[in-house]
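Asks: With the input below, show me the fold.
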Amino acid sequence: MKKLATRFGKFGLVGVLGAIIQLAAATLLVRFFRFTAVVATALAVEVAILHNLAWHERFTWRDRKGNAFERSCRFHAANGLVSFFGNTILVYWFCKGLNWTALESESIAIVACSAVNFWLADRWVWMPLSDDRREQATYRDFLGVWTGRPRSRKGRFDGGP
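Replies: Residues are numbered from 1 along each chain as shown. Modelled structure (predicted):
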């Protein structure tokens, strides 16, 4: 439990730095380049995703070995999609529906997506597997994370037919 708490703290530190980068990029795009808040958010999220991936790889989950390219793909599939769609949808709703500023909307959206992102990163992106099992990590493991039913050794989800 202590290791998980330490890892969550590292994740939070990287996330705060990523959030600062995301907010700065979005603000720059809105104020100086006249992008809409939604378009600026989408671009700023990708910048933050790349930043966070680099730091998580070298700091948060440095003890977990594996193929960096595969983790990059999984990180974009999981955290990238949650951050991209979660932030974009929430910012749209906060700005248009609640008439909040872009900065307020961005800040709340980042916090809302962070818990889901940690869980996916720890369970799927940097999953703690043996070397032989790590190479078999596929989209089925991703589905297992979402459904709560991990894969059995035979490649089927536990509890399935």
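Asks: Give me the mean pLDDT for the lengthiest helix in the chain.
Replies: Taking DSSP state H as the criterion, the chain has its longest helix at helix 2-31. Averaging pLDDT along helix 2-31 gives 93.
Asks: buried stuff in that helix?
Replies: For helix 2-31, a neighbour-count test (16 or more other Cβ atoms under 10 Å) marks 7-8, 10-11, 14-15, 18-19, 21-23, 25-27, 29-30 as buried. From N, CA and C alone the C-beta is placed, and that goes for glycine too.
Asks: Stretch 40-53 now?
Replies: 40-49, 51-53.
Asks: quick one, phi/psi of F35?
Replies: Taking degrees, to the nearest 10, you get phi -70, psi 150 for the backbone angles of F35.
Asks: which among the buried residues of helix 2-31 gets closest to S114?
Replies: For the buried residues of helix 2-31, the residue nearest S114 by Cβ to Cβ is G15; the value is 5.7 Å.
Asks: Relative to V82, how far out is the nearest residue to the closest one once chain neighbours are set aside?
Replies: Once flanking residues are discounted, G15 sits nearest to S114: 5.7 Å by Cβ to Cβ, 6 or more residues apart in numbering. For S114, the distance to V82 (Cβ to Cβ, to the nearest Å) stands at 9 Å.
Asks: just V91 next, same as before
Replies: Counting by Cβ to Cβ, the gap from V91 to V82 is 14 Å.
Asks: Pick out whichever of these two has more residues nearby.
Replies: When neighbours are counted by other Cβ atoms under 10 Å, V91 and V82 differ, and V91 comes out ahead with 28 against 20.
Asks: how many neighbours does F32 have?
Replies: 8.
Asks: re earlier: reformat the buried residues of stretch 40-53 as a markdown table; add secondary structure.
Replies: As requested, the buried residues of stretch 40-53 are exported to a markdown table (DSSP: H, G, I helix; E, B strand; the rest coil):
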| residue | secondary structure |
| --- | --- |
| A40 | helix |
| T41 | helix |
| A42 | helix |
| L43 | helix |
| A44 | helix |
| V45 | helix |
| E46 | helix |
| V47 | helix |
| A48 | helix |
| I49 | helix |
| H51 | helix |
| N52 | helix |
| L53 | helix |
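Asks: Fine by me, we can end here.
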